[in-house]
Each structure stands twice: as structure tokens, then as C-alpha cells.
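Asks: Prediction below, plus the sequence it came from.
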Amino acid sequence: MIRTLIASAFQTGYLSVESEGLLHQVLVTRCYQSDDLKALAALYEAIHTGQIKREASSKNLMELPALNKSN
């Protein structure tokens with residue numbers, strides 16, 4: 001699910017409030033794989049470089065979990 005949401009953001013150039021909320025929910029439940037975290041790191045980079053715009057009005061982006069090298 002994470003990679004699908006991120007792929008959509010890259011395709012449209014925007015991260016919707018709804019997608020950001022879903023990403024947050026998945027991360028809170030810790031239902032993700034290491035590939036999901038790599039995709040999320042790419043999303044963060046794209047947001048920071050302006051490649052993807054956030055729809056959310058808050059300047060605070062959810063916290064990125066640490067990449068676990070053992071996965």
C-alpha cells in the first residue's frame with residue numbers, strides 16, 4: 001500500500017492529505033517492509049527538493065522510521 005501511494009504522488013507531483021494520512025496510519029501500525037521505507041525515503045527527498053508538493057497546510061512532515069538493515 002505504501003508504494004502504491006508513493007507511486008501516485010510521483011505520478012501526479014502531489015501528496016494529498018488523504019494519502020499522507022494513510023501513510024501515517026500504516027507507519028503507526030508498523031505494517032511495512034524495508035522496500036516500503038526505501039520508497040518513503042525517496043518521497044521525502046522529492047518533497048524536500050520540490051519535485052513533489054504536499055497538499056497539507058502543515059509544514060511538519062511525518063517522521064521517517066529508521067531503515068532497518070536486517071530486513
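Replies: Received, thanks. As the structure is a computational prediction, the values presented were derived from the model and not from experiment.
Asks: all contacts plus neighbour counts: C-alpha atoms, from now on.
Replies: Noted.
Asks: buried residues in the lowest-mean-pLDDT helix or strand in the chain?
Replies: Sorting the helices and strands of the chain by mean pLDDT, DSSP states H and E puts helix 17-29 at the bottom, at a mean of 90. Buried positions in helix 17-29, judged by neighbour count with 16 or more other Cα atoms under 10 Å: 19-20, 23-24, 27.
Asks: Let me know the closest of these to residue 47.
Replies: Of all these, residue 47 sits closest to residue 20, with 12.1 Å by Cα to Cα.
Asks: For the strand or helix carrying residue 36, name the packing helices and strands.
Replies: Per DSSP states H and E: residue 36 is located in helix 34-49. Contacts defined by 3 or more Cα pairs under 8 Å, 6 or more residues apart in numbering; DSSP states H and E place helix 34-49 against helix 2-12.
Asks: Where does pLDDT dip in this protein?
Replies: The model of the chain has pLDDT under 70 over residues 58-71.
Asks: Which residue, other than its chain neighbours, is closest to the residue nearest the centre of the chain?
Replies: The centroid of the chain falls nearest to residue 40 when counting by Cα atoms, centre = their mean (4.2 Å). Once flanking residues are discounted, residue 40 sits nearest to residue 6: 7.1 Å by Cα to Cα, 6 or more residues apart in numbering.
Asks: neighbours of the one you found, just the number please.
Replies: 22 (other Cα atoms under 10 Å).
Asks: who's in contact with it?
Replies: Contact analysis of residue 6 by Cα atoms under 8 Å, 6 or more residues apart in numbering lists 15, 39-40, 43.
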